[in-house]
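Peer 1: Next come a sequence and a model predicted from it.
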Protein chains: 2
Amino acid sequence: MLPELSIEQFSLVSNFLSFAVATLAASSLFFFIGPGVNKRYRIAVVVSGLVCFIATYHYLRIYDSFAAAYALERTGDAARYIASGKPFNDFYRYADWFITVPLLMVELVAVLALKRSESRTLLTKLVIATALMIALGYPGEVSTDAGTRWIFWTLSMVPFLYTLYVLFIELGKALERQPEAVRGLISTARVVIVITWFFYPIAFAIKTLTGLTAEGEVAIQIGYSIADVTAKAGYGLVIYLIARRKSELEDEVSGSSLPDAALPA
Amino acid sequence: MLPELSIEQFSLVSNFLSFAVATLAASSLFFFIGPGVNKRYRIAVVVSGLVCFIATYHYLRIYDSFAAAYALERTGDAARYIASGKPFNDFYRYADWFITVPLLMVELVAVLALKRSESRTLLTKLVIATALMIALGYPGEVSTDAGTRWIFWTLSMVPFLYTLYVLFIELGKALERQPEAVRGLISTARVVIVITWFFYPIAFAIKTLTGLTAEGEVAIQIGYSIADVTAKAGYGLVIYLIARRKSELEDEVSGSSLPDAALPA
């Protein structure tokens, strides 16, 4: 059952969900337009746009579901939000992650523009591992039994750790052949993944250990919103910067870039 | 009449319908942008985008219709979803298939880029057969009489099998003239068609044989969602990969592609 929320707590969650909608929608449009990105890296940036678009849709659904799950109750001067009886469908998050998390891997591999066979091997591993990670988390999340929750949490951590292994060990070799100018950005992309992704199993574990208090629900909803915006829009921005920097390098080589000095004043 | 559903069953169907909306909408955008596809194959990928766009619209309608057809009923601590009295309009699916299934045939023939006369002959056969297949299924689906349902099921199977004959026998000859590099993908596209399309007559037959139980309705709605996403977005992705691979082959011949070696390390 949903915990009671004060007006401030309810507003805070609503505002963060709405903030996520606005940020993800705008990021999505930016990536679709993708200014300054050459054809070769366009797909990586377009996939960033898709991820943000899909997340925008899910945040709109979550926002509506959260609003419908609560009813305002006034007693004299006091007012608070109590469960309306309609379930809060938080599982849109899993539907979202199931599609978007593998696509985050596609973005990264696409922007590296590796050899076809190398891309295919990496993508197969990363897409299967991340989809499995989300699929194994879902049965745990829908369960109210602590034992079941821990079993699926543990199972889900296996492909999670494997994903980190592929990203940091196997991908490492491919990175040495990337242009010097983008290596720092690629490291940043990986760091964004590690830092934001750790939030999800931690939130899951806290929920299992403490049950869902009002403070816990507020913290988890805000945390998810921040983690999703960072892992999708923020990470997408890093992918975009890599794509644009590589496009500039190509243009310098082919001489198609126009130096400022050549422009009429 | 609609069967009663538990909260979990109702949520599961809602989530799958919503998953279909998100996936189809994002796929539609991706195909409209169509990164890395040359002019010659653009129409095949744009038609994939149209198919996913039309299906997104219908899944939004089905999602709303499903939500309106059920009402949450609480008895003490227990809660379940019962029929609200509003009909669940599942026939949006037929409106959808009547437009999109012939367009799936257009995608395939367009991406092959055959001679004009050859394309026209194949398209005429495939578009008429698939439209007829859907049109003949509809009177069966709206009927509650098992006899009527079986008559139209059988009638609908005739153009279905004819479509498979054209795809696997007649189209086979045209495939031998396709570039080696895309033949595997074209086979995949045909396999996706066969596997996903068989779901529909099987679902129809099960519904006729068993009537509609709660488990049956949940399984059919989830099955339709997965089959539609695979037959439209998944199949569209295969068409896109064929189009991109062919574009790359063209670019290699014309020398407009930039080799990796041209980039500074």
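Peer 2: Received, thanks. Because the structure is a prediction, the values reported are computed rather than measured.

Peer 1: Give the other helices and strands that whichever strand or helix holds A:Leu241 contacts.
Peer 2: Here A:Leu241, judged by DSSP states H and E, is contained in helix A:235-254. Contacting helix A:235-254 under the criterion 3 or more CB pairs under 8 Å, 6 or more residues apart in numbering or on different chains; DSSP states H and E are the following elements: helix A:7-33, helix A:39-69, helix A:92-112, helix A:180-210. Where C-beta positions appear, they are placed from N, C-alpha and C, glycine not excepted.

Peer 1: Would you format the ones you listed as CSV with distance to chain B, mean pLDDT and mean neighbour count included?
Peer 2: Shown next, in CSV, are the helices and strands packed on helix A:235-254 (distance: least, CB to the nearest CB, whole Å; pLDDT from 0 to 100; neighbours: other CB atoms under 10 Å in any protein chain shown):
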stretch, distance to chain B, mean pLDDT, mean neighbour count
helix A:7-33, 7, 97, 18
helix A:39-69, 4, 96, 22
helix A:92-112, 4, 94, 23
helix A:180-210, 7, 89, 16
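
Peer 1: Tell me which of those lies nearest to B:Arg40.
Peer 2: helix A:39-69 (15.8 Å; CB to CB).

Peer 1: what angle do the closest one and helix B:39-69 make?
Peer 2: Orientation of helix A:39-69 against helix B:39-69 (axes from the mean of the first three to the mean of the last three CA atoms, to 10 degrees) gives an angle of 10 degrees.

Peer 1: next SSE after helix A:39-69?
Peer 2: Counting by DSSP H and E, the next helix or strand C-terminal to helix A:39-69 is strand A:70-75.

Peer 1: And that following strand, what's buried?
Peer 2: By neighbour count with 16 or more other CB atoms under 10 Å in any protein chain shown, strand A:70-75 contains the buried residues A:Tyr70.

Peer 1: same question, stretch A:164-184
Peer 2: A:164, A:166-167, A:171, A:174, A:178, A:182.

Peer 1: who's in contact with that stretch?
Peer 2: With contact meaning CB atoms under 8 Å, 6 or more residues apart in numbering or on different chains, stretch A:164-184 is reached by A:108, A:112, A:114, A:118, A:122, A:125-126, A:129, A:186, A:190, A:193-194, A:242, A:245-246, A:249, B:263-265.

Peer 1: closest one to B:Ser156 among the helices and strands packed on helix A:235-254?
Peer 2: helix A:92-112 (31.9 Å).

Peer 1: Report the inter-axis angle for that closest one versus helix B:7-33.
Peer 2: 30 degrees.

Peer 1: immediately after helix A:92-112, which helix or strand?
Peer 2: Taking DSSP H and E, what comes next after helix A:92-112 is helix A:116-142.

Peer 1: How about the contacts made by A:Arg49?
Peer 2: For the record, residue A:49 is Gly, not Arg. So A:Gly49 contacts A:27-32, A:34, A:236, B:29 (CB under 8 Å, 6+ apart).

Peer 1: 7 Å instead?
Peer 2: Going by CB atoms under 7 Å, 6 or more residues apart in numbering or on different chains, A:Gly49 touches A:28, A:31-32.

Peer 1: doesn't A:Ser18 make contact with A:Ile62?
Peer 2: No - applying CB atoms under 7 Å, one finds A:Ile62 not in contact with A:Ser18, separated by 10.4 Å.

Peer 1: related to what we said a few turns ago, right, so of the helices and strands packed on helix A:235-254, which gets closest to B:Ser48?
Peer 2: B:Ser48 lies closest, by CB to CB, to one member of the helices and strands packed on helix A:235-254: helix A:39-69, at 14.4 Å.
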